Structures are given as structure tokens and as C-alpha cells.
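Student: Turn this into a model:
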Amino acid sequence: MKRCFGVQELYAQYHDQEWGVPVHDDRLLFEMLILEGAQAGLSWETILKRRQGYRDAFYNFDVVQVAKMSDEQLEALRNNEGIIRNRLKIYSTRQNAQVFMQIQKEFGSFDAYLWRFVKNQQLVALRKSMTDVPVSNAESDALSKDLKKRGMKFVGSTIMYAYMQAVGLVNDHIVDCWRYGK
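Tutor: Numbering: from 1, shown residues only. Model prediction:
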């Protein structure tokens, strides 16, 4: 089976079951938003290995619960080896949850807000190799700019492009990958 990436089991599972698959569930959209931000400066494998730790630390990504976390709760997470213990990343989770909820209120769901950046249609590329995959595009630039304006953190254009790939707004599977076109 030809894959874009993912020889190691954790990566292969992520590639085969999640990457590029359109997501419309706000809880999962929030989870992936937080995980992509946590990945900044690190490998995705590092985050995948800690995914359950993040679920445990952040109420399985219940946005309402995360938005209400106290400074004391967030500070305690700096000792949690199950997550990335960067203070700014930990505190941004609460901030981003609060903004996420404002977006849900304004648009009815985060899903409705997010998918409008691609006109409610997955962007499908014709990539021959992973070296053809860009690190950002006009849509990730616009999404990043809007989220920053609303007060979110760790949502730069490169992070947002990776997020768009992760939740299926963009299908960057290479053309000879078994997942391409699925």
C-alpha cells in the first residue's frame, strides 16, 4: 500500500484513518485545532504520542469545560508529562476555547465558520510527491488572519494549513497514495 507518509504504526494509522478526511464535528475540530497549535516547533509524532494525555488533561476537548479552566488548573498542567508543558501553549488552550465558543455562537457551529474558507468544498490537489505540498495557501492565510483577529493563539498560516489538511479541508494525499480520491 503506497502512503504519503507513515511507515511507523502511529503515523500510518493517522494517515490511513484521519489525515485529509473531512471533519464536521465541533469537538474533533477543537481537538485538532489545539493539537496542531501544540505541535508548533515539534514533530507531529510527538503530539500523536501525547494525544491521550491531551484528552485527559483537557476534558476530552469539551470546549465549555476547557473555556472555564482556572489559572490554577492550567498551571498544574505544567507538571503533566502527558502533554507539552509549554506555558504559552497550555494557556492558549483556554483562550482558544473561549474564542471557539464565540465563533460557535456567531455562526451556529465552528464547522460552519471553518468550511466557508474553502467555500464548503474540500480542496483537492494533484500532488505527485510530498515535496509538492505547500506549507500554506491563500485560504490558510485568511483563516489565520481571522482567528488571530478574534484572539486565538498558535494559529499562524502554516499551522492552519496543517490543520486544514488534518481535518480534510484540503486533500493533499499524493496521487499514487491509496487514500487519494477516497
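Student: what does the longest helix that the chain contains contact?
Tutor: In the chain, with assignment by DSSP state H, the single longest helix is helix 87-107. Outside helix 87-107, the residues that touch it by CB atoms under 8 Å, 6 or more residues apart in numbering are 26, 30, 33-34, 37-38, 40, 58, 63-64, 66-67, 69, 74, 77-78, 83-84, 110, 113, 147, 150-155. Any C-beta I mention is one placed from the backbone N, CA and C, and that applies to glycine too.
Student: Could I have the ChimeraX command that selects the buried members from these?
Tutor: In ChimeraX, this line selects whichever of the contacts of helix 87-107 come out buried by 16 or more other CB atoms under 10 Å:
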select :26,30,33,34,37,38,40,58,63,66,67,69,74,77,83,84,110,113,147,150,152,153,154,155
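Student: Out of the contacts of helix 87-107, which sit inside helices?
Tutor: Of the positions in the contacts of helix 87-107, 26, 30, 33-34, 37-38, 63-64, 66-67, 74, 110, 113, 147, 150 sit in helices, assigned by DSSP H.
Student: okay, the one helix or strand in the chain whose mean pLDDT sits lowest in PDB with CA atoms only?
Tutor: Between all helices and strands in the chain, the lowest mean by mean pLDDT, DSSP states H and E belongs to helix 9-17, at a mean of 92. Provided in PDB are the C-alpha atoms of helix 9-17 (Å, rounded to 0.1, in the frame of the first residue of the first chain):
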ATOM      1  CA  GLU A   9       2.500   2.400  13.100                       C
ATOM      2  CA  LEU A  10       1.200   5.600  14.800                       C
ATOM      3  CA  TYR A  11       1.800   7.700  11.700                       C
ATOM      4  CA  ALA A  12       0.400   5.100   9.400                       C
ATOM      5  CA  GLN A  13      -2.800   4.800  11.400                       C
ATOM      6  CA  TYR A  14      -3.200   8.600  11.500                       C
ATOM      7  CA  HIS A  15      -2.500   8.800   7.700                       C
ATOM      8  CA  ASP A  16      -4.900   5.900   6.900                       C
ATOM      9  CA  GLN A  17      -7.800   6.900   9.100                       C
END
